[in-house]
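> give me a 3D structure for the following:
(chains A, B, C and D)
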2 protein chains.
Amino acid sequence: MGRRSDHSREELEELILAEGHRLMAEVGYPRFSAREVAKRVGYSVGTLYNLFDSNHRLILAINSRTFLMWAAAMAERLAEDPEDRIAVLVDGYFRFASENSNLWMAIYEHRTPEGSDLPERYRKQRGELTGMVEAEIAKVLPEEARNKAAALARSLVATVHGHCVFALTGTFALLGEDRPQEAALARVREALAAAGGR
Amino acid sequence: MGRRSDHSREELEELILAEGHRLMAEVGYPRFSAREVAKRVGYSVGTLYNLFDSNHRLILAINSRTFLMWAAAMAERLAEDPEDRIAVLVDGYFRFASENSNLWMAIYEHRTPEGSDLPERYRKQRGELTGMVEAEIAKVLPEEARNKAAALARSLVATVHGHCVFALTGTFALLGEDRPQEAALARVREALAAAGGR
DNA sequence: TATTTTATTGAGCGCCGCTCAATACCGTGT
DNA sequence: ACACGGTATTGAGCGGCGCTCAATAAAATA
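Modelled structure (predicted):
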């Protein structure tokens, strides 16, 4: 067998990525398998490993795509010019995570192996979401506290993230339910108020 | 082969659990394997699967042991009657997680499979830590806010957890470092202050 | 001692990630 | 039209995984 005319290299890469993304959404990180992706796109394992040279790199690319979706969803909702933009950020976090739980969890279930750290382009991509949050936080803070916006944004993302993880993995349910999203928003509001936010 | 006199059933169970715990600490969740545990204790895979009837149940038991260690470490530090008990709780969270990162992360990396949910005894065990936090929160809140202590405790655990995860998995480092533990403590303080805490 | 009960084994099954010699195909030069 | 060089693709093979279960060895009992 040799070069097949039905797909260029880029098309094939995209095909695999798309199918991989679908599979991840369907079965979740623990049951994801590169072999299964290969089977579904109708190419052999070897071909797949030629393009993405390890399982780790394939998953990285898939998670990256998830990140893009996430950021896009967030941007779209902010573009509707809502009144309470902070609430929209929190809701966007929870909503995306729960509507795409397998994809979302995969981002955090995937441990990057010992040696390698993630390539620059992914790094930048992941900064995007935090960047959006940072911009919104800055808007809300008084002039003199603006320089703290970045650090505060990261901390608030962590705060919301914590609530969201517990909500999705059932840790909250296990301890007696009170609405995690509302709690997260309350914590965020308190932090912003403490920083002099309006 | 048949019953071996060198270990009673309970002893063997304990032996496997201890060795499994060691292995988890050593290699972490993704590289943990029941086969390897069997090899290390010098019994065959079959025996191991007789006692813990699936990989999932073995890991559950291992994680449970980690939880006990964690709660014990927390209790010990609180028993020294520190001045700032809230800070000790936060520090205890971060310290345990970073000093036992493989064990700690395993707790959250292990997805319990579709059907089964974790047995009552584990459920209770995991409530213990949150219970300790709840007690400390209650002490700090004014009389009229005591009834909110439980809900607030869960939310604050989630808050600290979020910061801790990001600290350990490098999500923070990736975004420009500011001390996650201090940020977590700041968020907790703000929330307590907002609830009228002293 | 003979028989039942019980603990232990490990080869076997179907998966996994990953490799690499063999192979099928394409573009090009003559 | 044909041969050739390069490239894309293959899939059997390797070692390892979780898990099962008929066979077996040892203890308990009769």
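
> and chain A, what are its domains?
A:1-53, A:65-194 (automatic domain parsing).

> pLDDT (mean, whole number) over the shortest one?
Predicted confidence along domain A:1-53 averages 93 (mean pLDDT).

> in chain A, what residue comes closest to chain B?
A:Gly162 (2.5 Å; CB to the nearest CB). Just so you know, the C-beta spots here come from the backbone N, C-alpha and C atoms, and that holds for glycine as well.

> what is the burial count for the closest residue to that residue other than its chain neighbours?
Nearest residue to A:Gly162 in three dimensions, chain neighbours excluded: B:Gly162, at 2.5 Å (CB to CB, 6 or more residues apart in numbering or on different chains). A count of nearby residues for B:Gly162, using other CB atoms under 10 Å in any protein chain shown, gives 28.

> do the one 3 residues further on as well
Residue neighbour count, defined by other CB under 10 Å, stands at 21 for B:Val165.

> point me to the helix or strand that includes it.
Assigned by DSSP states H and E, B:Val165 belongs to helix B:149-169.

> after that helix, next one along is what?
Next helix or strand after helix B:149-169 toward the C-terminus (DSSP H and E): helix B:180-194.

> show me what that next one is packed against.
If you count contacts as 3 or more CB pairs under 8 Å, 6 or more residues apart in numbering or on different chains; DSSP states H and E, helix B:180-194 packs onto helix A:149-169, helix A:180-194, helix B:85-99, helix B:149-169.

> how about 10 Å then?
On a contact count with 3 or more CB pairs under 10 Å, 6 or more residues apart in numbering or on different chains; DSSP states H and E, helix B:180-194 meets helix A:149-169, helix A:180-194, helix B:85-99, helix B:120-140, helix B:149-169.

> now do the second one against helix A:120-140, angle only.
So that's helix A:180-194. For helix A:180-194 against helix A:120-140, the angle by axes from the mean of the first three to the mean of the last three CA atoms, to 10 degrees is 60 degrees.

> burial of whichever residue of chain A sits closest to DNA strand D, as a residue count?
Residue nearest to DNA strand D within chain A: A:Gly46 (2.1 Å; CB to the nearest atom of the strand). The tally of other residues near A:Gly46 (other CB under 10 Å) stands at 8.

> which residues touch it?
Going by CB atoms under 10 Å, 6 or more residues apart in numbering or on different chains, A:Gly46 touches A:Ala38.

> buried ones in the helix or strand hosting it, by neighbour count?
Following DSSP H and E, one finds A:Gly46 within helix A:45-51. Neighbour-count burial for helix A:45-51, counted by 16 or more other CB atoms under 10 Å in any protein chain shown, picks out A:Leu48, A:Leu51.

> how far out from the middle of the chain is that helix?
Centroid separation for helix A:45-51 versus its chain: 26 Å, with CA atoms, centre = their mean, to the nearest Å.

> and chain A, which of its residues are near DNA strand C?
When proximity is defined by CB under 7 Å from any atom of the strand, chain A lies next to DNA strand C at A:1-5, A:32-36, A:45-46, A:49, A:53-56.

> so what's the backbone phi/psi at A:Tyr29?
phi -50, psi -50 (degrees, to the nearest 10).

> quick check: it touching A:Thr66?
No. Contact criterion CB atoms under 10 Å: A:Tyr29 and A:Thr66 do not qualify, at 11.1 Å.

> overlap of the contact sets of those two?
A:Asn102, A:Leu103, A:Met105, A:Ala106, A:Ile107.

> dump those residues into a markdown table; add pLDDT and distance to B:Glu143 as well.
Formatted as a markdown table, the shared contacts of A:Tyr29 and A:Thr66 follow (pLDDT from 0 to 100; distance: CB to CB, whole Å):
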| residue | pLDDT | distance to B:Glu143 |
| --- | --- | --- |
| A:Asn102 | 98 | 45 |
| A:Leu103 | 98 | 46 |
| A:Met105 | 98 | 41 |
| A:Ala106 | 98 | 46 |
| A:Ile107 | 97 | 43 |
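
> of these, which is the most crowded?
That'd be A:Leu103 among the shared contacts of A:Tyr29 and A:Thr66, by other CB under 10 Å, with 24 neighbours.

> quickly find the element holding that residue.
Secondary structure assigned from DSSP H and E places A:Leu103 in helix A:101-109.

> ditto for A:Ala75
Per DSSP H and E: helix A:55-79 holds A:Ala75.

> who does that helix touch, helix- and strand-wise?
Using 3+ CB pairs under 10 Å, 6+ apart, the elements in contact with helix A:55-79 are helix A:9-27, helix A:34-41, helix A:45-51, helix A:85-99, helix A:101-109, helix A:120-140.

> what residues sit buried inside it?
Within helix A:55-79, the residues that count as buried by 16+ other CB under 10 Å are A:55-56, A:58-67, A:70-71, A:74, A:77-78.

> ok, now stretch A:134-152?
Result for stretch A:134-152 [16+ other CB under 10 Å]: buried residues A:Glu134, A:Glu136, A:Ile137, A:Ala138, A:Val140, A:Leu141, A:Ala145, A:Lys148, A:Ala149, A:Ala150, A:Ala151, A:Leu152.

> and chain B, which of the residues you listed reach it?
Contacts with chain B within the buried residues of stretch A:134-152, counted by CB under 10 Å from any CB of the partner chain: A:Glu134, A:Lys148, A:Ala150, A:Ala151, A:Leu152.

> turn those residues into TSV, including pLDDT and distance to B:Gly20.
Formatted as TSV, these follow (pLDDT from 0 to 100; distance: CB to CB, whole Å):
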residue	pLDDT	distance to B:Gly20
A:Glu134	95	43
A:Lys148	91	45
A:Ala150	93	42
A:Ala151	94	40
A:Leu152	95	41
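
> can you name the two of the residues you listed that are farthest apart?
Using CB to CB, the pair of these lying farthest apart is A:Glu134 and A:Lys148, separated by 10.5 Å.

> now do the residue of chain A closest to DNA strand D against A:Asn102, distance only.
Separation of A:Gly46 from A:Asn102 (CB to CB, to the nearest Å): 27 Å.

> ok, A:Ser64 next?
Distance from A:Ser64 to A:Asn102, by CB to CB: 16 Å.

> interface residues of chain A facing DNA strand D?
Residues of chain A lying near DNA strand D by CB under 7 Å from any atom of the strand: A:1-4, A:7, A:9, A:12, A:42-47, A:49-50.
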